[in-house]
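S.K.: For reference, the sequence and a predicted model appear below.
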Amino acid sequence: MSAMKLLVVGADGQLGSDVVRLLSPTVDVTARVMDELDVTDRAALREAIEASRPDVVVNCAAYTAVDRAETEQDAAYRVNVLGARNVSQAARRVGARVVYFSTDYVFDGTASEPYDEEAPTGPLSVYGRTKLQGEQATREANPDHLILRL
């Protein structure tokens, strides 16, 4: 039996580099950094995913400058929403599951207990809204998905 093949996009960020480091000893990991593969470039993304034919695409690419997102809304939207959709669509084309990393910023922060999967969302920032929209884009574009909120 061959090892599971993972493609990690956004592998140069803090999360992406940790994912690559932790999973590389146990699975076949291809790491793509932003300079090599921009998630907002739909055609290049599709080509890269079709060429590598992974079992799972791990989307670690994100616009994470929380405060700057308030003034750079288009940039946050392009990466966190359109990029998420592009990754999910390309993964679906090759029959791959997609893993999308989201955030607790999708909540309003008023809960007195830890949030669970069914908790109502209510993001208060552009960053939180774009990450929530990225979750929705991921769900809609690929039924074989896993969304993790950190």
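M.R.: Yep, that arrived. None of the values given here were measured: they were computed from a predicted structure. Residues are numbered from 1 along each chain as shown.
S.K.: all contacts plus neighbour counts: C-alpha atoms, from now on.
M.R.: Will do.
S.K.: Quick check, pLDDT for the residue lying closest to Ser17 once chain neighbours are set aside.
M.R.: Leaving aside its chain neighbours, Ser17 sits nearest to Ala11 (5.1 Å; criterion: CA to CA, 6 or more residues apart in numbering). At Ala11, the pLDDT value in this model is 92.
S.K.: so what's Ala11 up against?
M.R.: By CA atoms under 8 Å, 6 or more residues apart in numbering, Ala11 lies in contact with 17, 19-20, 31-34, 60-61.
S.K.: where's it relative to Asp104, distance?
M.R.: In this view, Ala11 and Asp104 are 21 Å apart by CA to CA, to the nearest Å.
S.K.: Report the distance from the lowest-mean-pLDDT helix or strand in the chain to the chain centre.
M.R.: Least confident helix or strand, the chain: strand 28-32 with a mean of 88, by mean pLDDT, DSSP states H and E. How far strand 28-32 lies from its chain's middle: 15 Å, per CA atoms, centre = their mean, to the nearest Å.
S.K.: One more: stretch 64-81?
M.R.: 14 Å.
S.K.: Gly10 contacts Ala62, doesn't it?
M.R.: Yes - counting by CA atoms under 8 Å, Gly10 touches Ala62, with 7.4 Å between them.
S.K.: who's more crowded, those two?
M.R.: A side-by-side neighbour count of Gly10 and Ala62, using other CA atoms under 10 Å, places Ala62 first with 28 against 24.
S.K.: Tell me who's in contact with the more buried one.
M.R.: Here Ala62 is in contact with 10, 76, 79-80 (criterion: CA under 8 Å, 6+ apart).
S.K.: Same question for Asp104.
M.R.: 128, 149-150.
S.K.: In helices only, show me the residues you listed.
M.R.: Gly128 (DSSP state H).
S.K.: that older thread, just the buried ones from the contacts of Ala62?
M.R.: Among the contacts of Ala62, those that count as buried by neighbour count (16 or more other CA atoms under 10 Å) are 10, 76, 79-80.
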